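Asker: predicted model and sequence follow; I will ask about them next.
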Amino acid sequence: MLKRLALPLAAVMVVAGVATAIVVRGHAPGATRTVVMSMRAYAFNGSNPTFRFAPGERIHFVVTNDESTNVLHNFRIVGMNVDCGPPLKPGETREVTVTMPKSGEFAYTCCTHPGMGGSMVVDTK
């Protein structure tokens, strides 16, 4: 009886291990969530969405310039010490990991294009 269960049990353990590896791989070390952001047509993720986060949540942002022409973009989070670095050329990516403060509303913007950006709300809701 035990031998009959050994193979199915081993298969379940392998699948669980692979699933865990896939989930962990999507996060930066210590980050609780990864947020992917695409910069294209002078907007983030198509509509400059509002993001909601919990206080103390560690977020790994992966921001990519997805323009098909030679349009430069950049990324910053106002009030969280995420300042503009060199502009991103089409196809380039910038990764930033931050720990959310206790509460507040913060703007994320493109340093190169005023008006391109949205907000991040940090609260317990």
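Answerer: Received the coordinates, thanks.
Asker: in which helix or strand does the residue nearest to the spatial centre of the chain reside?
Answerer: Residue closest to the average C-alpha location in the chain (CA atoms, centre = their mean): Val35, at 2.0 Å. Here Val35 is covered by strand 33-40, with elements defined by DSSP states H and E.
Asker: show the average pLDDT along that strand.
Answerer: For strand 33-40, the mean pLDDT works out to 97.
Asker: report the next helix or strand after that strand in sequence order.
Answerer: As assigned by DSSP H and E, the chain's next helix or strand after strand 33-40 is strand 43-44.
Asker: which non-adjacent residue is nearest the residue nearest to the centre of the chain?
Answerer: Using CB to CB, 6 or more residues apart in numbering and skipping the chain neighbours, the partner closest in space to Val35 is Phe61 (5.2 Å). Glycine gets a C-beta too; all of them are placed from N, C-alpha and C.
Asker: now the angle between strand 33-40 and the strand or helix carrying that neighbour, please.
Answerer: Here Phe61, judged by DSSP H and E, is contained in strand 58-65. Angle of strand 58-65 versus strand 33-40, following axes from the mean of the first three to the mean of the last three CA atoms, to 10 degrees, is 20 degrees.
Asker: run through who's touching strand 58-65.
Answerer: Residues from elsewhere that reach strand 58-65 (CB atoms under 8 Å, 6 or more residues apart in numbering): 27-28, 30-40, 44, 53, 71-73, 75, 88-100.
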